[in-house]
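Colleague: here's my sequence, what's the structure:
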Amino acid sequence: MEKEIIQKAAYLFLQYGYKSVTMDDLAEHMGISKKTIYTYFNDKISLIRSSVWYIFDEVKTKIISVQESMDNPIEALYEIKKIAVEVLGNKDKSPQYQLQKYYPSIYSEIRKKELSALGNSFEMSLKKGMKSGLFRPSLDTHFITLIYFNGFRGLRDIELFPPDEYDIDQIIGKFIDYHLRAIVTSKGLKFLENYNTTKSNEN
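Modeller: Numbers count the residues shown, from 1 in each chain. A predicted model of the protein is given here:
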C-alpha cells in the first residue's frame, strides 16, 4: 500500500503540482481514507519527499538505460531530453516551480544527488562519442560532465527561466545544441545538423 500511495501521489504531483494536490485529493483518487495515508506518512512533506525520490529513481533508471543502450551519444541526448520534458514540462501547473518555491529543502536534496547518480553514465556516453569520432578526442570528460550538469541546473532555475515565459522543451533543446556544438568534430557536426534537419521535417 505504501508504494501504491507513493506512485499515485507522484503521478498527481507531476500532473497538478506539489502545492496544488492535497491529501484529500490523493485519498479521493485512490478510494481510501486519509487515515490510511497517514498510517504510512506523518505529513504531506514526508509524502512529497518520498514521491520526489520515487520520480528521481524512475528517471535515473530510464536515463542510464538510454546512455548504455544507444551507441550514438548525440541521439541519446535527445532521447534523454524527452524523458526530462515529461517530468519538467507541465507549464500550467509547473511542479518544478512549486517544488523550488514551497519545498526548497527537498529540491536541494535532489540537486545534490544528480551528479553522483548520473555523472558516470554521462561521462561514459562522452567517451563513446570520442571513440566513434563524433566528439573531439581531447575532451576532458570529467570537466565537460560538471559543466553540463551545472548548465542543466540553470535551466530549471525559476528566477532565470520563469515557467510562464519559457517553454522547457525549447530551452532544453537549445541547451543541448549549444553543448554539442562545443564538443563535436566535423563528423559530429555533420551528423547533428542532419539530425536536426530530419527532426524539423518530421515536425
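
Colleague: so which helix or strand takes in the residue most central in space within the chain?
Modeller: The centroid of the chain falls nearest to A84 when counting by Cα atoms, centre = their mean (3.5 Å). A84 is part of helix 73-88 when elements are defined by DSSP states H and E.

Colleague: next SSE downstream of that helix?
Modeller: Heading C-terminal from helix 73-88 (DSSP H and E), you reach helix 95-102.

Colleague: quick one, what contacts N72?
Modeller: Residues near N72 by Cβ atoms under 8 Å, 6 or more residues apart in numbering: S132, L134, F191. Quick note: C-beta positions are derived from backbone N, CA and C, even for glycine.

Colleague: what sits against the closest residue to the second one other than its chain neighbours?
Modeller: On the basis of Cβ to Cβ, 6 or more residues apart in numbering, the spatially nearest residue to L134 that is not a chain neighbour turns out to be G188, at 3.7 Å. Contacts of G188 were listed using Cβ under 8 Å, 6+ apart, and they are I74, G129, G133, L134, F135, L180.

Colleague: what's G188 sitting at in phi/psi?
Modeller: Dihedral angles of G188 (phi, psi; degrees, to the nearest 10) stand at phi -70, psi -40.

Colleague: when you give positions from now on, start the count at 39
Modeller: With 39 as the first residue, the last one maps to G226.

Colleague: distance of it relative to S176?
Modeller: 14 Å (Cβ to Cβ, to the nearest Å).

Colleague: got it, and E147?
Modeller: 36 Å.

Colleague: might one say that the residue nearest to the centre of the chain is in contact with I210?
Modeller: Yes. The criterion here is Cβ atoms under 8 Å, and A122 meets it with I210 at 6.0 Å.

Colleague: so what's L115 up against?
Modeller: L115 is in contact with S163, I214, H217, L218, counting by Cβ under 8 Å, 6+ apart.

Colleague: mind checking the longest helix of the chain?
Modeller: helix 142-170 (DSSP state H).

Colleague: quick one: low-confidence ranges for this protein?
Modeller: 127-131, 241 (pLDDT under 70).
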